[in-house]
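# structural data only, the sequence is not supplied:
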């Protein structure tokens with residue numbers, strides 16, 4: 001007999017500090033109109049020193065637990081799928097999140113797929129829950145402040161200028177009656193595996209080279225190749241994983257009613273929507289948040305529901321892509 005796995009609760013957390021496009025324009029020398037209209041950045045959230053990756057993930061997780069109406073002791077597993085730029089280097093952030101929320105009967109580990117992490121985490125957790133009946137509740141939590149790693153004077157990292165800070169969480173339930181996970185898909189182009197890395201030279205002009213134990217800033221090693229390769233493959237791969245996620249869950253691409261997708265420049269976002277047969281009224285654009293790594297999908301779901309773009313019975317897809325380069329998607333039937 002098949003067992004349903006569904007989302008019992010979700011939540012997000014964003015720092016109160018805001019950086020507007022006008023303020024960011026002064027640090028990048030990019031006109032405010034370009035930031036707003038082409039790069040799709042009206043504002044983004046900036047974390048304070050106390051708002052660590054695990055603190056933001058914890059706050060989002062507490063909201064997800066409260067929404068699900070369970071106690072933390074009922075959680076059997078905590079998976080962190082957030083940033084590797086976290087509280088400490090070479091460290092299991094999931095254990096800290098587990099401790100913070102009081103999930104004393106759970107074990108905890110990290111998985112990492114950069115900005116493609118959320119759909120892959122959903123697929124992995126669902127597979128584990130189907131294989132192990134002891135996993136009744138699994139908490140997925142992520143936090144990111146990747147904007148710390150960007151030098152706004154480094155033109156090579158311009159496509160990452162939309163990074164912002166925040167946290168997101170989703171709580172999965174075994175034997176769920178609603179918000180069911182259906183299918184998932186992912187694809188990786190390993191020729192881009194070293195396209196984005198930390199380099200000391202990328203920190204020049206960005207203040208101190210070291211951020212705690214971390215040295216350097218994110219940089220693009222071969223901008224021409226990356227632009228050429230992504231230009232040739234990214235749209236195709238987004239469409240592929242969105243379509244396959246729907247089909248692997250027993251639906252068709254034409255059945256998808258809502259797409260929650262990572263933040264990107266506005267023109268490419270609209271191109272993806274058109275390619276999968278959707279309109280902006282069937283999605284949300286994260287221009288007031290920017291790109292918050294693998295938090296984007298929980299945020300898109302939250303906004304889609306708040307704006308009545310996600311309705312009971314809808315097949316929805318949550319999708320993302322992360323440097324490396326991986327595209328991922330997961331399908332659900334909401335309600």
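Here it is on my side, so go on. Owing to the predicted nature of the structure, the values given are computational and were not obtained by experimental measurement. Residues are numbered from 1 along each chain as shown.
# and the gap between the closest residue to residue 134 other than its chain neighbours and residue 133?
Excluding its sequence neighbours, the residue lying closest to residue 134 (CB to CB, 6 or more residues apart in numbering) is residue 76, at 6.3 Å. To be clear about C-beta, it is placed using only N, CA and C from the backbone, and glycine gets the same treatment. For residue 76, the distance to residue 133 (CB to CB, to the nearest Å) stands at 10 Å.
# now swap in residue 229 and tell me
43 Å.
# burial count for the closest residue to residue 194 other than its chain neighbours?
Setting aside the residues directly before and after it, residue 194 is nearest to residue 221 in space (CB to CB, 6+ apart), at 5.9 Å. Counted by other CB atoms under 10 Å, the residues lying close to residue 221 total 14.
# does residue 221 touch residue 192 like I think?
No. Taking CB atoms under 8 Å as the definition, residue 221 is not a contact partner of residue 192, at 9.8 Å.
# need the contact list for the most centrally placed residue in the chain.
Closest to where the C-alpha atoms of the chain average out (CA atoms, centre = their mean) is residue 294, at 1.7 Å. By CB atoms under 8 Å, 6 or more residues apart in numbering, the contact set of residue 294 is 81-82, 113-118, 121, 142, 144, 168, 320, 322.
# again, only using 6 Å
By CB atoms under 6 Å, 6 or more residues apart in numbering, the contact set of residue 294 is 81, 115, 117, 118, 142.
# nearest to residue 257, of those residues?
Of all those, residue 118 has the smallest distance to residue 257: 19.3 Å, by CB to CB.
# quick one: the closest one and residue 329, what's the gap?
Separation of residue 118 from residue 329 (CB to CB): 10 Å.
# circling back to that earlier point, let's have the contacts of residue 294 in JSON lines, adding neighbour count.
Below are the contacts of residue 294 laid out as JSON lines (neighbours: other CB atoms under 10 Å):
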{"residue": "81", "neighbour count": "30"}
{"residue": "115", "neighbour count": "29"}
{"residue": "117", "neighbour count": "30"}
{"residue": "118", "neighbour count": "33"}
{"residue": "142", "neighbour count": "33"}
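# please narrow those residues to those residing in strands.
Counting by DSSP state E, the part of the contacts of residue 294 found in strands is residue 142.
# now the contacts of residue 294 in a markdown table, with distance to residue 33?
Below are these laid out as a markdown table (distance: CB to CB, whole Å):
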| residue | distance to residue 33 |
| --- | --- |
| 81 | 35 |
| 115 | 26 |
| 117 | 32 |
| 118 | 31 |
| 142 | 32 |
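# which of the contacts of residue 294 lies closest to residue 185?
Taking those together and measuring to residue 185 by CB to CB, the closest member is residue 118, at 13.5 Å.
# how does the chain divide up, domain by domain?
5-177, 182-333 (automatic domain parsing).
# single out the most deeply packed of those domains.
Of all these, domain 5-177 has the most neighbours on average by mean count of other CB atoms under 10 Å, namely a mean of 21.
# and that domain, end to end?
8 Å (CA to CA, to the nearest Å).
# centre of the chain to that domain, how far?
Here domain 5-177 shows a centroid-to-chain-centroid distance of 7 Å under the convention CA atoms, centre = their mean, to the nearest Å.
# any idea of the mean pLDDT for it?
Mean pLDDT, computed over domain 5-177, is 97.
# just the helices from the stretch 101-250 of the chain, written as ranges.
117-131, 223-248 (DSSP state H, counting those that start in this stretch).
# does anything pack onto the shortest one? Which helices or strands?
On a contact count with 3 or more CB pairs under 6 Å, 6 or more residues apart in numbering; DSSP states H and E, helix 117-131 meets strand 180-188, strand 326-333.
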